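Novice: need a structure here:
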Amino acid sequence: MKNTIYILLLIFATSSCKIKYGFKGVSIPIEAKSISVAFFQNNSAMASPVEAQKFTEKLRDMVSSQTNLALVKQNGDLQFEGFIADYTITPVAIQSTDQAALNRLTISVNVKYSNKFDATKNFEQSFSRFADYQSNQTLSSIEAGLMEEINRQLTEDIFNKAFNNW
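Specialist: The predicted structure follows:
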């Protein structure tokens, strides 16, 4: 009898618990049904040939996975466009007079966001992020991983600016 009561209490306790998922702070106009992310051109002389494609796809993936808006090729209710503005490698931790211990890869993108329903949310802004790596590593051996991390950070910043009022 005791076991039956414990089992019933356990079932009741777990069935009354509900997990609720949501995006607190995300501000998307209720009228918006679609979003477009134009291809981001590479305007930097130093950028990897694949950077523009990788960044554009990362931003498209971000808006697809974090919103319920239909991703369309162009003329979405909400629109992103822009270009890769800068891609630089600089020494950041000098260990001797002629050698750096760390190098920094910095990627900057210029983004224009348009909201057809609320022009006060529109913006045009530059976003920049970086990743450091040991100077004894060649950029070509770690570039893909660095670009992936930097692009993740950039797209989060852009998403937050557009939809979280940051």
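
Novice: how close does A119 get to P29?
Specialist: 11 Å (C-beta to C-beta, to the nearest Å). Glycine gets a C-beta too; all of them are placed from N, C-alpha and C.

Novice: with neighbour numbers in mind, choose between those two.
Specialist: P29 (13 against 8; other C-beta atoms under 10 Å).

Novice: all strands for this structure, in order.
Specialist: 34-37, 41-42, 70-72, 78-96, 99-115, 123-134 (DSSP state E).

Novice: would you mark the buried spots in the fourth one?
Specialist: Meaning strand 78-96. Across strand 78-96, burial judged by 16 or more other C-beta atoms under 10 Å covers L78, Q79, F80, E81, G82, F83, I84, A85, D86, Y87.

Novice: mind putting the residues you listed into TSV with distance to N136 and pLDDT?
Specialist: Output for these, formatted as TSV (distance: C-beta to C-beta, whole Å; pLDDT from 0 to 100):
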residue	distance to N136	pLDDT
L78	44	97
Q79	43	98
F80	38	98
E81	39	98
G82	34	98
F83	33	98
I84	27	97
A85	29	97
D86	25	96
Y87	22	96
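
Novice: put together TSV for the residues you listed, with distance to L102 on each row.
Specialist: TSV is the format used below for these (distance: C-beta to C-beta, whole Å):
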residue	distance to L102
L78	38
Q79	38
F80	32
E81	34
G82	29
F83	28
I84	23
A85	23
D86	19
Y87	18
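
Novice: nearest to Q125 among those residues?
Specialist: Of all the buried residues of strand 78-96, Q125 sits closest to G82, with 9.2 Å by C-beta to C-beta.

Novice: list the contacts of the residue lying closest to the closest one once chain neighbours are set aside.
Specialist: Closest residue to G82 apart from its sequence neighbours, by C-beta to C-beta, 6 or more residues apart in numbering: V111 at 4.2 Å. Going by C-beta atoms under 8 Å, 6 or more residues apart in numbering, V111 touches F80, E81, G82, F123, E124, Q125, S126, F127, I158.

Novice: try M46
Specialist: M46 touches Y87, T88, I89, counting by C-beta under 8 Å, 6+ apart.

Novice: around the closest residue to the first one other than its chain neighbours, count how many other residues there are.
Specialist: For Y87, ignoring the flanking residues on the chain, the nearest one in space by C-beta to C-beta, 6+ apart is A47 at 3.7 Å. The criterion is other C-beta under 10 Å. On that basis, A47 has 18 neighbouring residues.
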